[in-house]
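Peer 1: What follows is a protein structure lacking sequence information:
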Ligand code: KMH
Ligand code: ZN
């Protein structure tokens, strides 16, 4: 009798964080800023293998903004070029108010981030008090968006689970483990294993690691069956001292790694199914 074929490894969902709020043009000339540049970069990343674009916007002079008008313009430009899932930030930049951070929810994005706790963020403090997290969770639900639960510490997972208990979040849940932020949890494979072990059955998870940790943690997440986020928001270098010419080269490398270990790369339609984007949350 022939042995049963090994179970196919799950498809990998790749996310590109193409601009963020902190990186500047002085650090890299490859940072997209205008709606047209963001759309071009989203399309390039889609061609390279992403199904989700994590989106921030900037004013014309590069200042981070959560303006619903700027988000509407960027989302329309992206929609005209590609079919990626647009995930808007509700984190914005350090120091913004919750009303400001909620700006993009007026666009009813398919996905939106929900930051699940306060942490030291480099030399700043990224404040997400418990009432603020609950306020944003309600606003994300009212917008009809699927939250991606940004966890920079193990305790942030517990906070997300508390929100489930309070009826503010509902399964299926999608977690992003953000590793290596100075002041947050470290970027190590055993941390990914532990965080993944703490989330409810049926949840999906990915890893976003910053700086030099991006490549090894992307690879670890993909080996461990998770999904991964790359892009200039988190890391501007392709290799030590060599700037990545946009986020697409980082996506190309992550997609090649996924395929090399037997994981197909999900297109947006498959990602919607895997994330159960159209499923009513119970
Ligand atoms: N810019 C960081 C302070 C998110 O997009 O939800 C927060 C951030 C998280 O980028
Ligand atoms: Zn972000």
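Peer 2: Cool, got the structure. Source: prediction; values computed, not measured. Ligands and ions are numbered 1, 2, ... in the order given.
Peer 1: tell me which parts of the stretch 51-200 of the chain are close to ligand 1?
Peer 2: Applying Cβ under 6 Å from any ligand atom, we find that the stretch 51-200 of the chain lies next to ligand 1 at 89-91, 93-94, 113, 115, 121, 126, 150. (C-beta placed from N, C-alpha, C; glycine too.)
Peer 1: Contacts made by the helix or strand where residue 137 lies with the rest, please.
Peer 2: Using DSSP states H and E, residue 137 sits in helix 130-143. With contacts defined as Cβ atoms under 8 Å, 6 or more residues apart in numbering, helix 130-143 is touched by 90, 98, 101-102, 105-106, 108-109, 112, 114-117, 147, 159, 163, 166, 168-169.
Peer 1: So which of the residues of the stretch 51-200 of the chain next to ligand 1 is surrounded by the most neighbours?
Peer 2: residue 90 (29 neighbours; other Cβ atoms under 10 Å).
Peer 1: doesn't residue 115 make contact with that one?
Peer 2: Yes - between residue 90 and residue 115 there is a contact under Cβ atoms under 8 Å: 7.2 Å.
Peer 1: can you list the residues of the stretch 51-200 of the chain next to ligand 1 in CSV and add distance to residue 235?
Peer 2: Converted to CSV, those look like this (distance: Cβ to Cβ, whole Å):
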residue, distance to residue 235
89, 17
90, 22
91, 17
93, 18
94, 19
113, 18
115, 19
121, 16
126, 18
150, 16
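Peer 1: In TSV: those residues, plus secondary structure and pLDDT.
Peer 2: Formatted as TSV, those follow (DSSP: H, G, I helix; E, B strand; the rest coil; pLDDT from 0 to 100):
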residue	secondary structure	pLDDT
89	coil	99
90	coil	99
91	coil	98
93	coil	98
94	coil	98
113	strand	99
115	strand	99
121	strand	98
126	strand	98
150	strand	99
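Peer 1: Strands along the chain, start to end?
Peer 2: 14-17, 52-55, 57-58, 64-65, 85-88, 111-115, 119-121, 124-126, 146-151, 174-179, 204-209, 227-230, 237-239, 242-243 (DSSP state E).
Peer 1: could these be laid out in CSV, adding distance to residue 137?
Peer 2: Converted to CSV, the strands of the chain look like this (distance: least, Cβ to Cβ, whole Å):
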stretch, distance to residue 137
strand 14-17, 20
strand 52-55, 18
strand 57-58, 22
strand 64-65, 22
strand 85-88, 15
strand 111-115, 6
strand 119-121, 18
strand 124-126, 17
strand 146-151, 7
strand 174-179, 14
strand 204-209, 18
strand 227-230, 21
strand 237-239, 34
strand 242-243, 37
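Peer 1: So which residue is dead centre in the chain?
Peer 2: residue 54 (5.2 Å; Cα atoms, centre = their mean).
Peer 1: which residues does that residue contact?
Peer 2: 15-18, 87, 89, 113, 229, 231, 233 are the contacts of residue 54 under Cβ under 8 Å, 6+ apart.
Peer 1: Return the distance of the closest residue to residue 172 other than its chain neighbours relative to ligand 1.
Peer 2: Distance criterion Cβ to Cβ, 6 or more residues apart in numbering; nearest residue to residue 172, sequence neighbours excluded, is residue 276 at 4.7 Å. Distance, residue 276 to ligand 1, using Cβ to the nearest ligand atom, to the nearest Å: 21 Å.
Peer 1: Find the nearest non-adjacent residue to the residue in the chain that ligand 1 sits nearest to, please.
Peer 2: Relative to ligand 1, the nearest point of the chain is residue 91 (2.5 Å; Cβ to the nearest ligand atom). Setting aside the residues directly before and after it, residue 91 is nearest to residue 115 in space (Cβ to Cβ, 6+ apart), at 5.0 Å.
Peer 1: Would you agree residue 257 is in contact with residue 216?
Peer 2: No - the criterion here is Cβ under 8 Å, and residue 257 misses it with residue 216 at 10.5 Å.
Peer 1: Might you list the low-confidence residue ranges for the chain?
Peer 2: 1-7, 279-282 (pLDDT under 70).
Peer 1: those helices in it, which residues are they?
Peer 2: With DSSP state H as the criterion, the chain has helices at 35-48, 68-81, 98-101, 130-143, 154-165, 189-197, 214-223, 248-260, 268-274.
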